[in-house]
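Peer 1: I'd like to go over a predicted model; first the sequence, then the structure.
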There are 2 protein chains.
Amino acid sequence: MKTYLYPEREEWAALTQRPVQKLDQLRAGVQQTFDLVQQRGDAALIELAAKFDKATLQNVWVTDKEVAAAVPQVAQELKDAIELAYNNINRFHEAQREAVQQLETMPGVTCWRKSVAIQKVGLYIPGGSAPLFSTLLMLGIPAQIAGCREIILTTPPSADGSINATILYTAHRLGIKRILKAGGAQAIAALAFGTETVPAVDKIFGPGNQYVTAAKQMVTQLGVAIDMPAGPSEVLVIADDSADADFVAADLLSQAEHGPDSQVVFVTNSEKQLLNVQAAVAEQVAKLPRQTVAQQALDNSVGVVVGSLDEALAFSNLYAPEHLILSVAEPEVLAEGVTQAGSVFMGHFSPESVGDYASGTNHTLPTNGYARNYSGVSLDSFVKKITFQQLTREGLERIGPAVETMAEAEGLHAHKNAVTIRLAKI
Amino acid sequence: MKTYLYPEREEWAALTQRPVQKLDQLRAGVQQTFDLVQQRGDAALIELAAKFDKATLQNVWVTDKEVAAAVPQVAQELKDAIELAYNNINRFHEAQREAVQQLETMPGVTCWRKSVAIQKVGLYIPGGSAPLFSTLLMLGIPAQIAGCREIILTTPPSADGSINATILYTAHRLGIKRILKAGGAQAIAALAFGTETVPAVDKIFGPGNQYVTAAKQMVTQLGVAIDMPAGPSEVLVIADDSADADFVAADLLSQAEHGPDSQVVFVTNSEKQLLNVQAAVAEQVAKLPRQTVAQQALDNSVGVVVGSLDEALAFSNLYAPEHLILSVAEPEVLAEGVTQAGSVFMGHFSPESVGDYASGTNHTLPTNGYARNYSGVSLDSFVKKITFQQLTREGLERIGPAVETMAEAEGLHAHKNAVTIRLAKI
């Protein structure tokens, strides 16, 4: 951890800088994959699964039999844990439903907004060593609540052609029936363009490696929406002397273990706390199975001592972290001033991992500074809010002259005429 | 208008196709503009205003004096119309505020979501012959309600270096004080990268020509958010025999006058109505000041007769129009089934122009089929929804074991440890 004691405000911009993502060089390769999938559909997916996943597939779709075989493979304890998480996530996202509220903006002019599901969505879940069934919960639950008509899950197969049992169990629990054995840019291509068996979707969700990230970025130029731009995961912890250094160290490490490019930032108003946390990190990291990865992330991490908690908050708002942990005596006070963060963890008993899995909030959050201008995934991400308006004869009489005046001032006479012709006849 | 009687479902995809936008060829030029603005800041804006707007600027910012001079230039009738529109738009967008609702997802685990303004936003308003002060209302009102800290309005200057008086008056009415005299890709560059006097913003809103569209698309790859991808404006009108052909024709023409690339689609269950509407269009178009433009758009427009109103709705949902007018006897019934549209105008007294100016709904809407996967601009567009969670000691004890089990199953031991270490100490 690189440490900085009371840096000047002018230095903050440099301290909050992220490494630049280099996706441009991947584009040519991703485009080749796109072309292949567009030209040959499922056959291309089978060919690319052999090449990248070393898997021999007969069929790109998971069968009912595979799902049925997976269900008993998941330990009851894990099923119970998933059930608890499911219930909390479901409750939090159900509460995000918006009732249709009709509003008479003036007599005879009624306007309202209605949330309608995005009809076809694709959920990308990475495979490999860590099967992210938690991400499947985070995306699948709001998709179901929204009422998306088609939900296509795609995840890369293992070398034996199978899909991780916990992923299949979670899909089963969510009622997701269409599970595609595809990963990487080819999975994004299948979702964006469709194949003879994969329907082209309207929006693609989920994290992935840099090829997936580049592919998602590219399809946004082709009419497909994505959840949000992606970057390495991040945490910023603000701690005062009330914090337990062991807790803070554990939180920093839970971010660091994600990957060598994980962003870990620690800000405190106490030099003593910085030393304590550094000592605790050194002790805990040695015991982690993913020690090498975590150590690399830590080497690039930043520890900053500032003059006050207000300054710590200003630093955090400038950084705009994906996860913000307020390990302070009065988190409610500090939370009031948070203007840029994905999700906030308040007090000493709210570690990030609780939100990653089970508190109920969504863990698909803006990284790379995008907490400035994007929200995390929520029910909103799976709906369009369509506006409606209905005027009575009297409403049109009241509002009509203003519309005519404004249309005329903008030089749009046919706009004016659509009112004039009606007012003349009624 | 090209007409199609009872086309087969297989032909619908071709009928709902939009012309492909060709922005790629503009990128090199836009990149040059970006480079110039990044290198030379305001001096580049002055240089480019001379080149593209033929304007000699001393200063890129509108002065208080210019605003004060503009206010009396706007006719009282227009001020009153703007006031009426302001009130309706403000009412509709105020109602979109979301109260913070704390939810105990399980005992001791409290989660909530809070809307926080995007701190710095840029509003692009095109200049030229039609000064779109209505768009300024549509963007400025929700920006003010959200509480954005910096609102930068940018609009190209006239050849004499001035900004249209109605635009200045509207900005004044909205309390927007920072008005930049810049248009085109250079305006987007100034907002995205900042200059010595322009702060770099977090999100850019507003319509523009193809250079503006290309520039907005390009900055999304550089950390800046935009309102939505843009394309030519569109209307789809569904009419049955209850509709007045003159009203329908006026609605189709109010879209057609926007530009030769405007998309106009008419769908009916009545052959007779198609003939009536065609006749009414021919009669009305001849009287329009923008007749040539409207006629070009009409030449590319599509009129379709289908077997029933349900089929008409299915056609519309496939097309996913920006504006959908339901000129039918029972619009409430049809509206229930709308799954893809930007804004819906119900019945015979709700012309699109009412929503364009004053009903209260936002007129910045998804075009080009993006009504499949994007919402129009609303208060949501100007905020991030930050999630929070706070656990009590008891809450952590309840949820902790499930988090440990799930983290372990994902192979993330430090995630597990952030809980274990706390549970061990409490």
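Peer 2: Good, I have the coordinates. Numbering: from 1, shown residues only, chains lettered A, B, ... in the order given.
Peer 1: neighbours of A:Glu404, just the number please.
Peer 2: 21 (other Cβ atoms under 10 Å in any protein chain shown). Every C-beta, even on glycine, is put in place using the N, C-alpha and C of the backbone.
Peer 1: cool, A:Leu15 as well?
Peer 2: A count of nearby residues for A:Leu15, using other Cβ under 10 Å, gives 16.
Peer 1: so it makes contact with A:Val304?
Peer 2: Yes - look at A:Leu15 against A:Val304 with Cβ atoms under 8 Å: they come within range, at 6.5 Å.
Peer 1: any residues in contact with both of those two?
Peer 2: Common contact partners of A:Leu15 and A:Val304 (Cβ atoms under 8 Å, 6 or more residues apart in numbering or on different chains): A:4, A:7, A:315.
Peer 1: Any regions of chain A where pLDDT drops low?
Peer 2: For chain A, the stretches flagged by pLDDT under 70 are A:129.
Peer 1: quick one: contacts for A:Asn88?
Peer 2: A:358-360, B:105-106, B:109, B:111, B:399.
Peer 1: Now tabulate those residues in TSV and tack on secondary structure, neighbour count and distance to B:Glu94.
Peer 2: Output for the contacts of A:Asn88, formatted as TSV (DSSP: H, G, I helix; E, B strand; the rest coil; neighbours: other Cβ atoms under 10 Å in any protein chain shown; distance: Cβ to Cβ, whole Å):
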residue	secondary structure	neighbour count	distance to B:Glu94
A:Ala358	coil	29	36
A:Ser359	coil	32	31
A:Gly360	coil	28	28
B:Thr105	strand	24	29
B:Met106	strand	19	34
B:Val109	strand	26	32
B:Cys111	strand	26	26
B:Ile399	helix	27	37
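Peer 1: the helices in the stretch 201-350 of chain A, which residues?
Peer 2: A:210-219, A:245-256, A:271-285, A:291-299, A:309-319, A:331-335 (DSSP state H, counting those that start in this stretch).
Peer 1: could those helices be laid out in CSV, adding mean neighbour count?
Peer 2: Converted to CSV, those look like this (neighbours: other Cβ atoms under 10 Å in any protein chain shown):
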stretch, mean neighbour count
helix A:210-219, 22
helix A:245-256, 27
helix A:271-285, 18
helix A:291-299, 18
helix A:309-319, 21
helix A:331-335, 18
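Peer 1: mind checking which of those helices is nearest A:Lys416?
Peer 2: Each of the helices of the stretch 201-350 of chain A was scored for nearness to A:Lys416 using Cβ to Cβ, and the closest is helix A:210-219 (40.4 Å).
Peer 1: Not counting the closest one itself, show me its contacts.
Peer 2: For helix A:210-219, the external contacting residues (Cβ under 8 Å, 6+ apart) are A:21, A:23, A:26-27, A:29-31, A:33-34, A:124, A:126, A:183-185, A:187-189, A:192, A:204, A:208, A:226, A:229-230, B:221.
Peer 1: Could you rerun that using 7 Å?
Peer 2: Residues from elsewhere that reach helix A:210-219 (Cβ atoms under 7 Å, 6 or more residues apart in numbering or on different chains): A:23, A:26-27, A:30, A:124, A:184-185, A:188-189, A:192, A:204, A:226, A:229-230, B:221.
Peer 1: and which of those is nearest to B:Gly337?
Peer 2: Using Cβ to Cβ, these come closest to B:Gly337 at A:Ile204, 25.8 Å.
Peer 1: At the geometric centre of chain A, which residue sits there?
Peer 2: The centroid of chain A falls nearest to A:Thr364 when counting by Cα atoms, centre = their mean (2.7 Å).
Peer 1: does any bit of stretch A:2-19 sit next to chain B?
Peer 2: No - using Cβ under 7 Å from any Cβ of the partner chain, stretch A:2-19 stays clear of chain B, coming no nearer than 9.6 Å.
Peer 1: what residues does the stretch 1-150 of chain A put near chain B?
Peer 2: Residues of the stretch 1-150 of chain A lying near chain B (Cβ under 7 Å from any Cβ): A:77-78, A:81, A:84-85, A:88, A:91-92, A:95, A:101, A:103, A:105-106, A:109, A:111, A:116, A:118-119, A:129-132, A:134.
Peer 1: Understood, closing this out.
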